[in-house]
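> With the sequence up front, the predicted model follows.
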Amino acid sequence: MQGLFIQLSSAVGGLMIIMTLFRDHIPPHLRDLLEKYTSKLVRLLYPYIEITFTEYTGEWFKKSDVYTAIQNYLTEKATTRAKKLKADTLKDSQSLILTMADNEEVTDEFQGAKLWWSSNKIVPRGMSLSFYPATEERRFYSLTFHKRHRDLITDTYIKHVVNEGKAIALKNRQRKLFTNNPSDNWYRYKSTKWSPVVFEHPATFDTLAMEPKKKQEIMGDLKKFGEGKEYYKKIGKAWKRGYLLYGPPGTGKSTMIAAMANFMSYDVYDLELTTVKDNSELRRLLIDTSSKSIIVIEDIDCSLDLTGQRKKAKKKDDDEDEEGKGDPAKKMKKEEETKESKVTLSGLLNFIDGIWSACGGERIIIFTTNFVDKLDPALIRRGRMDKHIEMSYCCFEAFKVLVNNYLDVESHPLFGMIEAMLKETNMTPADVAENLMPKSGMETPDTCLRSLIKALEEAKGGAARKKAEEEEEAKKKAEEEEEAKKKAKAKDAAKSIEGAKENGVGANGKLEEDKVNVKENGVTN
Ligand SMILES: Nc1ncnc2c1ncn2[C@@H]1O[C@H](COP(=O)(O)OP(=O)(O)OP(=O)(O)O)[C@@H](O)[C@H]1O
Ligand SMILES: [Mg+2]
C-alpha cells in the first residue's frame, strides 16, 4: 500500500514538474484543466492536513494570542530539537530566549500521533501600505499531521498546545508587586489604582527555615489549589484560598509570602488598608486585581479595627459632635477624621465571601498578624481563612536550613549543643540568621556558630533574668494588694466602732475588744 502511494506520488510530482517546465507551451484552457485535476489528484493522494496560525489577527496591530502561545510552546521544543534557532525576547518575559528560526521545522508527538511544526514567513513583493507593525513580513506557523488524526488534533492537541504555551508564558513572565494608590489619585491622567514594581524577591521554600513536614504540607496545599480549577467548579466554590500567617515578629511571615508567590509564579498585591477610605473603595481595588495573584494584608490587627473598638471610637465622636454642634472648627476636624479608613470587618468579609471574590480566576488571600488572639473569630473561621499557619521560634530543623543557606554547612560538632539550646530558648529565625551571617568576611563557620551560641546563652540569661524580674514584680504587687486589703478592713472596723459609739453600745462589750485589736494590729479579724 505504501509502495503504491509512493509510486503515485512520484507520478503526480513528475506531472507537476512537466507542467511547470512547459507551462508557456500548453494552451491556456488545457493548462487550467490540467492544474484543476492535478490539485484534485494531489488532495486525493496526499494524506496530510495542514493548519496555519498567523501572527496577526484580523484586527489591526493585534497579535494573535494563539500564535504567541504556540511560539512559547515551540520555544521549549525548539531548544532541544531544532537545528536552527534565533535569540529573541518575548513580551513580558524575564530573559533572552531561543526560538525557532524561520523555515525551521520541529516534530512533536501527541497520544501516538506524529506532528510537524514549521515556522514560515512571507515577504510580500513590491511596496505597499501596511497596518502591520515594523516590517512587511507576515509570519505564521504551519502544523502538518496525518488526516486520520484530524479529530484528535483539532479537538484536543491544539487546546493542549495553547494551554501549555500560556502556562510557559506565565512561568517566564516578569512578575509584579503592586501597592494600592490613595483614591484621590485614581482618576488623574495615566493614574491607576495599583502601582507595580518588578517582583524579584529571592525567597523560596528551599531557603525558608521551617520544619520540613510543615513546609511540604504547605507546598502540597498550594499545588493542589493551583491545579484545582475543575475541582472548585465541581464543588461550586470560588477558586480562592485564604491563609492566615501568625507568629511573633521575625519568624518569617513576609518571607513565607514571597516564597509562596515564587512557588506559584503569582503576582503580589500588597494591600495597605489604612489608605482605603471605605468598603466600596476596597471592592473597587480588589476587583482590579488580576488572576493568579496573592492579595496580602499584613498586620491585619493593626490596619483594621477587629475588636469592636471602632464602634466605641465612633460613639465617642458622635458624643463630641453633639457637644460641639455648630462649631465650624470642630466640624472641619471631624470631616478630616472621617476621611480616614472606614473599611469595616463586614466589608472585608463581604469581599472574601461575596460574589466579587469569584471574579477573575484564581486568587490567594493572605492575612498576617503578630497577635492571633486579637482577631475577630468571624474573620479567621475556616472557609474564610482556610489554612492557619503558625510561624514559630526557630527549631533545630529550621536552624539547619539557615546554616546551610548562610554558611553552606550541613553538619558540625557544635550542632548538638545548639539543638539543646534552641529547645530551651526562644529565638526567632531572623535573630538566628543575623547571628549566623558573617560580618567582616574573616569569620569561619566555626566562629559564626560560636557567636550564635553566645547569643543563645545571652538570650537564655536574659530570659531567666526577665522571668525573675517578672516574678519579683508579681510578688511585690501581691504584697501591696494584701496590705491595701488590710488597711481597708481596718478602716471599716474603725468606722463601725465610731458608729457603735454613736448608737451607745456598751464600753466593755465586743466592740471594746475590736478597738484593742485595731490598736495593736491595725486590723480586726
Ligand atoms: N523562617 C525563616 N526562614 C528564613 N529566613 C527567615 C525566616 N524568618 C525570618 N527570616 C529572616 O528574617 C528576616 C525577617 O523576617 P520576616 O520579615 O519574614 O519576618 P515577619 O514574621 O514578617 O516579621 P514581622 O511580624 O515583623 O513582619 C527576613 O528578611 C529573613 O531574612
Ligand atoms: Mg512581616
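Thanks, I have it. Numbering: from 1, shown residues only. Ligands and ions are numbered 1, 2, ... in the order given.

> Roughly how far does the residue in the chain positioned nearest to ligand 1 sit from Lys234?
Residue nearest to ligand 1 within the chain: Gly252 (2.7 Å; Cβ to the nearest ligand atom). Quick note: C-beta positions are derived from backbone N, CA and C, even for glycine. Distance, Gly252 to Lys234, by Cβ to Cβ, to the nearest Å: 35 Å.

> Looking at those two, which has the bigger crowd around it?
Set side by side, Gly252 and Lys234 show more neighbours around Gly252, with 23 against 9, by other Cβ atoms under 10 Å.

> That one touches Ala430, doesn't it?
Yes - judged on Cβ atoms under 8 Å, Gly252 makes contact with Ala430 at a distance of 7.4 Å.

> and the stretch 151-300 of the chain, which of its residues are near ligand 2?
253-254 (Cβ under 5 Å from the ion).

> Which residue lies nearest the spatial centre of this structure?
In the chain, the residue lying closest to the centroid (Cα atoms, centre = their mean) is Ile294, at 3.1 Å.

> Please name the bridge partners of that one.
Here Ile294 shows beta-bridge partners Val268, Ile364, assigned using DSSP bridges.

> ok, how many other residues are close to the closest residue to Cys359 other than its chain neighbours?
Among residues not flanking Cys359 along the chain, Ile287 sits closest, at 5.5 Å (Cβ to Cβ, 6 or more residues apart in numbering). When neighbours are counted by other Cβ under 10 Å, Ile287 registers 13.

> try Ala433
22.

> Touching, the residue nearest to the centre of the chain and Asn262? I think so.
No - counting by Cβ under 8 Å, Ile294 stays clear of Asn262, with 10.5 Å between them.

> Secondary structure element holding Ser119?
If you go by DSSP states H and E, Ser119 is part of strand 113-122.

> do Ser195 as well
Using DSSP H and E, Ser195 falls in strand 194-198.

> mind saving the C-alpha coords of that strand as CSV?
Provided in CSV are the C-alpha atoms of strand 194-198 (Å, rounded to 0.1, in the frame of the first residue of the first chain):
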residue,chain,number,x,y,z
TRP,A,194,-2.3,49.9,41.8
SER,A,195,1.3,50.8,41.3
PRO,A,196,3.5,48.0,40.1
VAL,A,197,7.2,47.3,40.6
VAL,A,198,9.1,44.3,39.4
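
> And stretch 431-450, what's buried?
431-436, 443, 445, 448-449 (16 or more other Cβ atoms under 10 Å).

> In JSON lines: those residues, plus secondary structure.
Below are these laid out as JSON lines (DSSP: H, G, I helix; E, B strand; the rest coil):
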{"residue": "Asp431", "secondary structure": "helix"}
{"residue": "Val432", "secondary structure": "helix"}
{"residue": "Ala433", "secondary structure": "helix"}
{"residue": "Glu434", "secondary structure": "helix"}
{"residue": "Asn435", "secondary structure": "helix"}
{"residue": "Leu436", "secondary structure": "helix"}
{"residue": "Glu443", "secondary structure": "coil"}
{"residue": "Pro445", "secondary structure": "helix"}
{"residue": "Cys448", "secondary structure": "helix"}
{"residue": "Leu449", "secondary structure": "helix"}
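
> so which of the residues you listed also contact ligand 1?
When Cβ under 6 Å from any ligand atom is applied, the members of the buried residues of stretch 431-450 adjacent to ligand 1 are Ala433.

> So which of the buried residues of stretch 431-450 sits lowest on pLDDT?
Of all the buried residues of stretch 431-450, Glu443 has the smallest pLDDT value, namely 81.

> Find the nearest non-adjacent residue to that residue, please.
Among residues not flanking Glu443 along the chain, Ser451 sits closest, at 7.7 Å (Cβ to Cβ, 6+ apart).

> List the contacts of the residue of the chain closest to ligand 1.
208-210, 391, 429-430 (Cβ atoms under 8 Å, 6 or more residues apart in numbering).

> Show me just the buried residues among the residues you listed.
Using 16+ other Cβ under 10 Å as the burial test, these include 208-210, 391, 429-430 as buried.

> residues in contact with Ile365?
Here Ile365 is in contact with 240-243, 294-295, 297, 352, 385 (Cβ under 8 Å, 6+ apart).

> Swap in 10 Å and give it another go.
Counting by Cβ atoms under 10 Å, 6 or more residues apart in numbering, Ile365 touches 240-244, 269, 271, 286, 293-297, 348, 351-352, 357, 384-386.

> Keep only these that also lie close to ligand 1.
Okay, of the contacts of Ile365, nothing touches ligand 1 (Cβ under 6 Å from any ligand atom).
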